[in-house]
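Asks: I'd like to go over a predicted model; first the sequence, then the structure.
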Amino acid sequence: MTTLHITHPCFLQHDTGPGHPERPDRMRAIDKALSHEIFHPLQRVEAPLRDDVEQWIALAHPQTYVDAIKRARPAAGGDPVRLDADTVLSNGSWEAALRAVGAGLHAVDEVIGGKVQNAFCQVRPCGHHAETARAMGFCIFNNIAVAALYARRKHNAGRVAVVDFDVHHGNGTQDIFWSDPDLFFASTHQMPLYPGTGAMSEAGVGNICNAPLRPGDGGTRFREAFETRVLPALMSFGPDLVLISAGFDAHEADPLANLRLVEADFAWATEQLAEIARKQAGGRLVSMLEGGYDLTALARSTAVHVKGLMDAGS
């Protein structure tokens, strides 16, 4: 069984403007890292632009919201539009956003269909801050929440879990999952930090598990949070499919936060989640890229994450 890698050149056309941390060079840095010969066994496909993608986006976002984003996109050559202070919509963003969602849908199809063991979706714009009807924090559509809801609707996956180790709390995923006991969301993140959510007391209907970390915390505290809160809660939930919001901005070199993780910590987390997926979900796991803004740290962290997925599927 192989690991599937999904990306597309159009992700370079999501133009966030000069100086924006969520920039096209993030894709180029990962492309270079994953061009190493150890990644040659990856099965690689382009993220699809599906005719039915808006139907599936509407599982997580109302059609009125989808239509508003579509209307807001600038014409070719037009100036980018700001959906909020951080979230930019350029002419190329609409296709990129649809293909980012499409990557998750295709990954779910292939993993649940047994064609691959697991998958990594190298996409942008990222998604975990997008709430039900609100774009924010660089995110337009909540790629991973759509993938989770699609897995249930299309493939009858009864219980779907998302684990998010981005340094920023995945408020959008939490918002969308909040009232559904068959969806599970766990997050490690720095607190206090944008977007201001993610306290341990935020528990939904018992399906939300937040494990906030303090500024300056490193791998020891991160692993402790995983071992004492996230992994036991995930095991207790008993997922049929495990999804990862894989943000690498908790790295000590990242400019947007103050945690001190290194590549070995992301490799360890990947191994732990893949093991639970093996025990609980037949190994079925889909990972989707979220943050990570120091290009060297992003590339190296993504590489160990993908290598972990490959090792889990071998």
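Replies: That came through fine. Residues are numbered from 1 along each chain as shown.

Asks: next, Asp52: phi, psi?
Replies: phi -100, psi 10 (degrees, to the nearest 10).

Asks: how many residues are close by it?
Replies: Residues near Asp52, counting by other Cβ atoms under 10 Å, number 9. Heads up, the C-betas are built off the backbone N, CA and C, glycines and all.

Asks: what's the distance between it and Gly218?
Replies: Separation of Asp52 from Gly218 (Cβ to Cβ, to the nearest Å): 44 Å.

Asks: for the spatially most central residue of the chain, which residues are in contact?
Replies: Centroid-nearest residue in the chain: Ser245, 3.0 Å away (criterion: Cα atoms, centre = their mean). Going by Cβ atoms under 8 Å, 6 or more residues apart in numbering, Ser245 touches 127-128, 144, 162-166, 170, 173, 187, 288, 290.

Asks: redo that, cut-off 10 Å
Replies: 126-128, 142-145, 162-166, 170, 172-173, 185-187, 287-291 (Cβ atoms under 10 Å, 6 or more residues apart in numbering).

Asks: any idea which element it lies in?
Replies: For Ser245, the host element (DSSP states H and E) is strand 241-246.

Asks: do the same with Thr302
Replies: Assigned by DSSP H and E, Thr302 falls in helix 295-313.

Asks: please apply the same query to Asp67.
Replies: Counting by DSSP H and E, Asp67 is found in helix 63-72.

Asks: list the buried residues of that helix.
Replies: Applying a neighbour-count criterion of 16 or more other Cβ atoms under 10 Å, one finds Tyr65, Val66, Ile69 buried in helix 63-72.

Asks: contacts for it next, please.
Replies: Applying Cβ under 10 Å, 6+ apart, the set of residues contacting helix 63-72 is 53-55, 57-58, 60-62, 81-83, 89, 93-94, 97-98, 130-135, 140-141.

Asks: would you show me how to pick out the buried ones of those residues in ChimeraX?
Replies: A single ChimeraX command is used to select the members of those judged buried by 16+ other Cβ under 10 Å:
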select :53,54,57,60,61,83,89,93,94,97,98,130,131,134,135,140,141
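
Asks: could you list which of the contacts of helix 63-72 belong to strands?
Replies: When the contacts of helix 63-72 are checked against strands (DSSP state E), the matches are Val81, Arg82, Leu89.

Asks: how about the last one, nearest residue that isn't a chain neighbour?
Replies: Spatially, and ignoring its direct neighbours in sequence, Leu89 is nearest to Val81 (4.6 Å; Cβ to Cβ, 6 or more residues apart in numbering).

Asks: same question for the second one.
Replies: Counting by Cβ to Cβ, 6+ apart, Arg82 lies nearest to Val88, which is 5.9 Å off, once chain neighbours are set aside.

Asks: from the contact counts, what lies against the strand of greatest length in the chain?
Replies: Assignment by DSSP E gives strand 183-190 as the longest strand of the chain. Helices and strands touching strand 183-190, by 3 or more Cβ pairs under 10 Å, 6 or more residues apart in numbering; DSSP states H and E, are helix 143-155, strand 160-164, helix 171-177, strand 208-213, helix 219-225, helix 231-237, strand 241-246.

Asks: tell me the helix or strand right after the last one.
Replies: Pointing back at strand 241-246 there. Per DSSP H and E, the first helix or strand lying C-terminal to strand 241-246 is helix 263-281.
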